[in-house]
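Undergrad: return atomic coordinates for the entry below.
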Amino acid sequence: MVQTKPSTLTFADYLAYADGTDTRYELVRGQLVAMTPPTWKHLLIARYLERIFTAAIEATGEDWIALQGAGQRVDEETSRLPDVMVVPVAAIQDAGESTAILQVAAILAVEIVSPSSVADDYLHKLAEYEAKGILEYWLVDPQALGAARYIGSPKRPLVSIYHLVDGEYSSPLRCRNQETVESRVFPQLRVTAQEILEGKTL
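TA: You can find the predicted model right below:
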């Protein structure tokens, strides 16, 4: 049965919501926001990042897992769907039958910028992930869609890394071309911006 979209939803309503389609929704200040289907490049970048994070986790021995498709609750009325997250296994190991939305802060979250998400990714999600306490926020902008104040001029594809310092995100590390991305969560990680932007396969 197809349900009519309520005008305002609680988080509990969101968890139970179904409209009979495969559309994925974020909950943003109590409102459902439909997610645009990704491009193939978007999917390849997300797949590549999940794989390099998985390898990095194995190298560090941390009890974490890299995931695509899971959600991140950021406040009482908002739940986002990052493209990739690194999450503590302890937070999900006893939640197997629950909806895959992380209640505690992820270790790391990645958003891959698309035309429909650019304002959210650079403004709202940045503030929300900071307030939630996510240690690193990676913004991958393969089409250079961000405003010049965020990505510089001339606008070129880049990867921006925000590190949480004393509860606030520091000025981003901006990486382009063959520049190596520097992660505090994964200090041994050696990957270039170009490899990420191309969704290089391992």
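Undergrad: show me the helices in this protein, by range?
TA: Chain-ordered helices for the chain, with DSSP state H as the definition, fall at 11-16, 40-60, 118-119, 125-132, 148-151, 193-197.
Undergrad: the fourth one: which residues count as buried?
TA: Yep, that's helix 125-132 we're talking about. For helix 125-132, burial by neighbour count (16 or more other CB atoms under 10 Å) applies to Lys125, Leu126, Glu128, Tyr129, Glu130, Lys132. All C-beta atoms are positioned from the backbone trio N, CA, C, and that covers glycine.
Undergrad: of these, closest to Ala148?
TA: Of all the buried residues of helix 125-132, the one sitting nearest Ala148 is Leu126; the distance, using CB to CB, is 16.4 Å.
Undergrad: hmm, that closest one is touching Trp138, no?
TA: No - in terms of CB atoms under 8 Å, Leu126 does not count as a neighbour of Trp138; the distance is 11.3 Å.
Undergrad: common neighbours of those two, please.
TA: Shared contacts of Leu126 and Trp138, defined by CB atoms under 8 Å, 6 or more residues apart in numbering, are found at Tyr162.
Undergrad: returning to that earlier point: pick out the most distant pair among the buried residues of helix 125-132.
TA: In terms of CB to CB, the buried residues of helix 125-132 reach their longest pairwise distance at Leu126 and Lys132, which sit 11.1 Å apart.
Undergrad: note down every partner strand of the longest strand belonging to the chain and its orientation.
TA: Residue-count comparison of every strand in the chain, with assignments taken from DSSP state E, identifies strand 158-165 as the longest. Within its sheet, and counting by DSSP bridges, strand 158-165 is paired with strand 136-141 (antiparallel), strand 168-169 (antiparallel), strand 173-175 (antiparallel).
Undergrad: taking the mean pLDDT, what do you get for that strand?
TA: Average pLDDT, strand 158-165: 97.
Undergrad: quick one: Asn177 and Gln194 touch, right?
TA: Yes - applying CB under 8 Å, one finds Asn177 in contact with Gln194, separated by 5.5 Å.
Undergrad: compare these two (neighbour count), which wins?
TA: Under the criterion of other CB atoms under 10 Å, the comparison of Asn177 against Gln194 puts Gln194 first, with 15 against 11.
Undergrad: surely that one meets Thr180?
TA: No - checked against CB under 8 Å, the pair Gln194 and Thr180 is beyond contact range at 10.2 Å.
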